[in-house]
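Q: the following block contains a protein sequence and its predicted model.
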Amino acid sequence: MQNDVNSKYGSYRSVKARITQHQEKFTKQEAEKLAKAYRSGKTVYELAEIFNCNRETVSNHLKASGVKMRRQSPTDAQVRQMTKLYKAGHSCAAVGKSLNLDPSVIWRTLKRNGVELRDKHERTETYI
């Protein structure tokens, strides 16, 4: 894409480069490994790291392969459990580990449900 630019230093053509990342296509065997690993419990984030690609690429390949994506939001029972554990003094990381959820999911869910969140220096870590 080129634009003519006039400035106090004279006219020139600016060239704006569009930066894009080249996406490698997964082979059929890689796509099968991806789906198998996801079904065995790996997260999209873990698979992105393993396959050295973006999490959206992983998600798109899984959906295109007809893999049913796991529920993203915690269940009501998980919300009750995380609230109980957090209020008992556990960190978001410890609660996440016990519920197999990312700590950021724990933090957002607690915040959304009106739980008063501690400063990270206030925690009274106990192990689950």
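A: Arrived safely.

Q: identify the residue spatially nearest to W107, adjacent ones excluded.
A: C92 (4.8 Å; CB to CB, 6 or more residues apart in numbering). Quick note: C-beta positions are derived from backbone N, CA and C, even for glycine.

Q: distance of the one you found from E49?
A: 21 Å (CB to CB, to the nearest Å).

Q: can you give the domain ranges for the chain?
A: 25-70, 72-128 (automatic domain parsing).

Q: let's have those in CSV, adding mean neighbour count and mean pLDDT.
A: As requested, these are exported to CSV (neighbours: other CB atoms under 10 Å; pLDDT from 0 to 100):
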stretch, mean neighbour count, mean pLDDT
domain 25-70, 14, 88
domain 72-128, 14, 86
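
Q: is it true that L110 touches Y86?
A: Yes. Judged on CB atoms under 8 Å, L110 makes contact with Y86 at a distance of 5.8 Å.

Q: what sits in contact with each of these two?
A: Common contacts of L110 and Y86 (CB atoms under 8 Å, 6 or more residues apart in numbering): C92.

Q: for stretch 109-124, C-alpha coordinates in PDB please.
A: The C-alpha coordinates for stretch 109-124 follow below in PDB (Å, rounded to 0.1, in the frame of the first residue of the first chain):
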ATOM      1  CA  THR A 109     -15.200 -15.500  38.600                       C
ATOM      2  CA  LEU A 110     -14.700 -14.500  42.200                       C
ATOM      3  CA  LYS A 111     -14.700 -10.800  41.200                       C
ATOM      4  CA  ARG A 112     -17.800 -11.200  39.000                       C
ATOM      5  CA  ASN A 113     -19.600 -12.900  42.000                       C
ATOM      6  CA  GLY A 114     -18.800 -10.100  44.400                       C
ATOM      7  CA  VAL A 115     -16.200 -11.900  46.500                       C
ATOM      8  CA  GLU A 116     -13.800  -9.400  48.100                       C
ATOM      9  CA  LEU A 117     -10.400 -10.200  46.700                       C
ATOM     10  CA  ARG A 118      -7.200 -10.000  48.800                       C
ATOM     11  CA  ASP A 119      -4.100  -8.100  47.800                       C
ATOM     12  CA  LYS A 120      -1.500 -10.700  46.700                       C
ATOM     13  CA  HIS A 121       0.500  -9.800  49.800                       C
ATOM     14  CA  GLU A 122      -2.400 -10.500  52.100                       C
ATOM     15  CA  ARG A 123      -2.900 -14.100  51.300                       C
ATOM     16  CA  THR A 124      -2.700 -16.700  54.100                       C
END
